[in-house]
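Trainee: just coords:
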């Protein structure tokens with residue numbers, strides 16, 4: 001007998017040592033155990049799956065190179081087998097020790113192909129043709145079987161290598177089922193007598209099956225709902241970890257998808273760290289864009305910045321090969337890695353805009369969510385998506401459009417045409433909205449300060465009437481949120497406000513200690529007093545506003561000192577109703593002359609109080625031309641208190657020279673009749 005045949009038979013004898021002694025077994029040609037008679041009392045299911053009904057503290061199993069060790073601290077319980085049991089797995093099971101011909105291949109679509117082994121004729125005495133297993137194709141099996149139990153029945157009739165095909169077939173079948181049917185089928189799968197044997201055989205084969213089969217089977221096992229903390233899953237994770245150097249590009253893609261589907265644990269974290277090392281070494285050799293995106297999604301937010309930049313450079317090199325799907329999924333991939341690549345996002349945005357028609361709704365939502373997570377603001381992209389939805393609004397459900405508007409509000413983007421069309425649909429069919437939808441709509445429209453001149457009043461009345469029908473079901477906090485939204489829109493439905501002003505309701509809102517509730521109640525009190533002169537709000541016993549350190553815009557303060565001189569303006573003015581202004585300037589009624597604060601004011605009609613507010617970019621919508629809800633309410637109330645308001649944009653002042661800031665403030669303070677504005681770059685929103 002030559003050396004190769006001798007090595008094969010030696011490994012064959014090593015496989016036989018894995019067979020439990022409590023069964024009568026027959027060896028198949030590849031050395032896998034095949035049951036011949038009935039099971040004994042030893043139940044391998046007790047070894048594989050945890051007993052969920054028992055609260056006894058159990059242990060996590062880790063598969064090391066030589067043994068399965070049962071370690072305390074896991075969520076397992078075993079019956080009929082002690083926790084000191086050790087199932088020895090010899091290192092020589094590694095496929096490198098098997099003397100197979102290097103030309104053999106395992107294809108996941110065709111099952112186990114022929115394995116060419118060069119024997120002498122005398123080997124037929126040891127391995128007869130009758131004992132050779134028949135390969136199973138998981139695609140054919142998934143078509144022939146209609147349930148998970150059917151697959152297990154097929155397995156019990158004659159187990160064949162590799163076991164991964166049975167799990168893959170069951171996952172394909174499960175994907176075709178409804179949620180309820182899937183739940184029932186999974187329970188039947190766990191109770192099937194052959195399921196334990198399949199899991200046991202899967203663990204035994206894990207070290208010798210091809211790496212892509214191992215990854216496909218583990219992915220199917222996770223998707224089938226087998227708990228991640230079971231011995232089966234942890235064993236396969238450990239083998240995946242040991243053999244990670246066998247990853248080719250296809251396996252790299254499958255492994256990335258697998259890790260995304262799994263919860264963090266010690267073995268998963270180790271594999272993810274190994275994947276990062278592989279990605280760093282092989283990133284320039286990746287040929288498929290989808291594989292690259294899968295790796296980008298999988299490396300995680302805490303990956304080294306050097307690896308993130310390397311993946312970014314690889315993606316930029318492949319831009320000319322990006323398909324429409326690649327450009328759409330790039331947003332989600334970068335968000336998963338928490339890496340904002342402006343160049344890459346800009347290029348992908350152009351592709352998305354150019355191929356927006358027919359884009360699935362879920363993809364649009366994913367793109368906007370990723371832009372929000374990455375803090376990426378692209379007006380052209382948002383406008384392209386909003387234009388497409390507005391054009392095809394009849395094919396979308398109201399809830400879908402509302403979900404889109406909520407994301408736009410998070411991004412600070414206001415699309416007037418889409419919001420007007422949605423308002424019309426809400427007015428035409430308010431009965432289609434539930435309480436939660438009404439509160440969300442009010443929040444979006446009040447936050448973006450959207451006013452539709454033709455139908456705003458009708459829209460507000462419809463929303464108030466619809467919400468009044470839920471008064472007996474709505475919580476105090478939701479009612480406060482809705483009323484606060486109405487206040488921002490300068491609308492005051494007393495049918496909703498009066499129940500909110502009850503002392504027991506206010507105490508309920510304040511007892512939680514949530515400062516946001518207190519702030520919304522202060523907004524309500526200020527609106528009732530200043531907008532409709534309602535004195536009921538004066539009786540509200542609200543906690544005082546928490547004092548915070550105020551940092552004035554130093555550049556604006558210096559410019560006012562240079563323009564007006566000391567004593568002609570005041571800083572940090574605290575006003576009634578918890579309002580604060582950065583600077584106050586007193587001028588004559590025609591705003592042609594600045595008055596010093598030391599002069600005695602004989603009559604309020606003789607002066608014009610000017611409030612200078614330094615506002616950040618976030619107080620405006622994304623186009624920087626439309627103030628958002630809270631700023632609009634603040635301007636309205638300051639005007640009621642007799643102020644002429646000047647808005648100074650912080651982000652624009654910071655990039656100007658001091659002389660330009662002085663010129664800008666001068667044109668803002670003085671009326672057009674008293675001063676001819678100079679040619680400056682800033683524009684007023686007042």
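Mentor: Here it is on my side, so go on. The shown structure was predicted, so the numbers you read here are calculated from the model rather than taken from an experiment. Residues are numbered from 1 along each chain as shown.

Trainee: contacts and neighbour counts: CA atoms only from here.
Mentor: OK.

Trainee: what residues are up against residue 535?
Mentor: Applying CA atoms under 8 Å, 6 or more residues apart in numbering, we find residue 535 in contact with 528-529.

Trainee: For residue 409, which residues are in contact?
Mentor: Residues near residue 409 by CA under 8 Å, 6+ apart: 444, 447-448.

Trainee: Touching stretch 464-473 from outside, list them.
Mentor: Contacts with stretch 464-473, where a contact means CA under 8 Å, 6+ apart, come from 430-431, 435, 438, 493, 495-496.

Trainee: One more pass at 10 Å, please.
Mentor: 430-431, 433-436, 438-439, 442, 458-462, 474, 479, 482-483, 486, 491-496, 499 (CA atoms under 10 Å, 6 or more residues apart in numbering).

Trainee: Pull out the buried members of these.
Mentor: Listed as buried from the contacts of stretch 464-473 are 433, 435, 438-439, 442, 459-462, 479, 482-483, 486, 491-493, 496; burial here means 16 or more other CA atoms under 10 Å.

Trainee: what's the average pLDDT for the helix or strand hosting residue 439?
Mentor: Secondary structure assignment for residue 439, by DSSP states H and E: helix 435-447. Average pLDDT, helix 435-447: 96.

Trainee: From the contact counts, what lies against it?
Mentor: If you count contacts as 3 or more CA pairs under 10 Å, 6 or more residues apart in numbering; DSSP states H and E, helix 435-447 packs onto helix 398-411, helix 416-428, helix 456-468, helix 476-488, helix 629-640.

Trainee: rewinding a little: out of the contacts of residue 409, who's the most crowded?
Mentor: Sorting the contacts of residue 409 by how many neighbours each has (other CA atoms under 10 Å) puts residue 448 first, at 27 neighbours.

Trainee: Same list (the contacts of residue 409) but as TSV, adding distance to residue 294.
Mentor: Below are the contacts of residue 409 laid out as TSV (distance: CA to CA, whole Å):
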residue	distance to residue 294
444	34
447	37
448	36
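
Trainee: Make sure residue 609 is indeed in a helix.
Mentor: No - using DSSP: H, G, I helix; E, B strand; the rest coil, the secondary structure at residue 609 is strand, not a helix.

Trainee: Surely it is in contact with residue 642?
Mentor: Yes - between residue 609 and residue 642 a contact is recorded at 6.9 Å, counting by CA atoms under 10 Å.

Trainee: between the two, which one's more packed in?
Mentor: Set side by side, residue 609 and residue 642 show more neighbours around residue 609, with 21 against 14, by other CA under 10 Å.

Trainee: how close does that one get to residue 270?
Mentor: Per CA to CA, to the nearest Å, residue 609 is found 66 Å from residue 270.

Trainee: got it, and residue 505?
Mentor: Shown here: residue 505 relative to residue 270, a distance of 52 Å by CA to CA.

Trainee: and what of residue 228?
Mentor: Counting by CA to CA, the gap from residue 228 to residue 270 is 15 Å.

Trainee: and the nearest residue to residue 337 once chain neighbours are set aside, what is it in contact with?
Mentor: Among residues not flanking residue 337 along the chain, residue 301 sits closest, at 4.5 Å (CA to CA, 6 or more residues apart in numbering). Neighbour list for residue 301: 308, 334-339 [criterion: CA under 10 Å, 6+ apart].

Trainee: Kindly report the same for residue 256.
Mentor: By CA under 10 Å, 6+ apart, residue 256 lies in contact with 271-272, 275, 291-299.

Trainee: Tell me which helix or strand it sits in.
Mentor: With elements taken from DSSP H and E, the one containing residue 256 is helix 249-260.

Trainee: same question, residue 583
Mentor: Element membership for residue 583 (DSSP H and E) is strand 579-588.

Trainee: for this structure, what are the low-confidence residue spans?
Mentor: For the chain, the stretches flagged by pLDDT under 70 are 1-136, 536-539, 546-551, 599-604, 672-686.

Trainee: for it, what spans make up the strands?
Mentor: Using DSSP state E, the strands found in the chain span residues 25-27, 33-35, 58-63, 67-74, 87-88, 106-107, 111-112, 570-575, 579-588, 594-595, 607-615, 643-649.

Trainee: hang on, residue 172 packs against residue 220?
Mentor: Yes - at 8.5 Å, residue 172 counts as touching residue 220 under the criterion of CA under 10 Å.

Trainee: So which of those two has more stuff around it?
Mentor: Legend: neighbour count by other CA under 10 Å for residue 172 and residue 220, higher for residue 220 (23 against 18).

Trainee: right, and residue 181 touches residue 173 too?
Mentor: No - contact criterion CA under 10 Å: residue 181 and residue 173 do not qualify, at 11.1 Å.

Trainee: higher neighbour count, those two?
Mentor: residue 173 (20 against 12).

Trainee: my guess is that one contacts residue 143, does it?
Mentor: Yes - the criterion here is CA under 10 Å, and residue 173 meets it with residue 143 at 8.2 Å.

Trainee: Who wins on neighbours among the contacts of residue 256?
Mentor: Neighbour counts for the contacts of residue 256 peak at residue 296, which has 29 neighbours (criterion: other CA under 10 Å).

Trainee: Apart from its chain neighbours, what residue comes closest to that one?
Mentor: The spatial neighbour of residue 296 that comes closest, neighbours along the chain excluded (CA to CA, 6+ apart), is residue 333 at 5.8 Å.

Trainee: Okay, and which of the contacts of residue 256 map to helices?
Mentor: 271-272, 275, 291-299 (DSSP state H).

Trainee: Of the residues you listed, just say which sits nearest to residue 246.
Mentor: Among the ones in helices among the contacts of residue 256, residue 275 lies closest to residue 246 (CA to CA), at 11.7 Å.

Trainee: Nearest residue to that closest one in space, please, no chain neighbours.
Mentor: residue 299 (7.3 Å).

Trainee: so who does that neighbour touch?
Mentor: Counted by CA under 10 Å, 6+ apart, residue 299 has contacts 256, 259-260, 272-277, 279, 307-308, 333, 336-337.

Trainee: Considering those residues, which is situated nearest to residue 384?
Mentor: Using CA to CA, residue 333 is the member of these that lies nearest residue 384, at 21.1 Å.

Trainee: What's the local residue count around that closest one?
Mentor: Using other CA under 10 Å, residue 333 has 22 other residues around it.

Trainee: I'd say it and residue 291 touch.
Mentor: No - the criterion here is CA under 10 Å, and residue 333 misses it with residue 291 at 11.2 Å.

Trainee: Name the residues contacting each of those two.
Mentor: residue 297.

Trainee: for the strand holding residue 583, packing partners?
Mentor: Here strand 579-588 touches helix 554-564, strand 570-575, strand 594-595, strand 607-615, helix 629-640, strand 643-649, going by 3+ CA pairs under 10 Å, 6+ apart.
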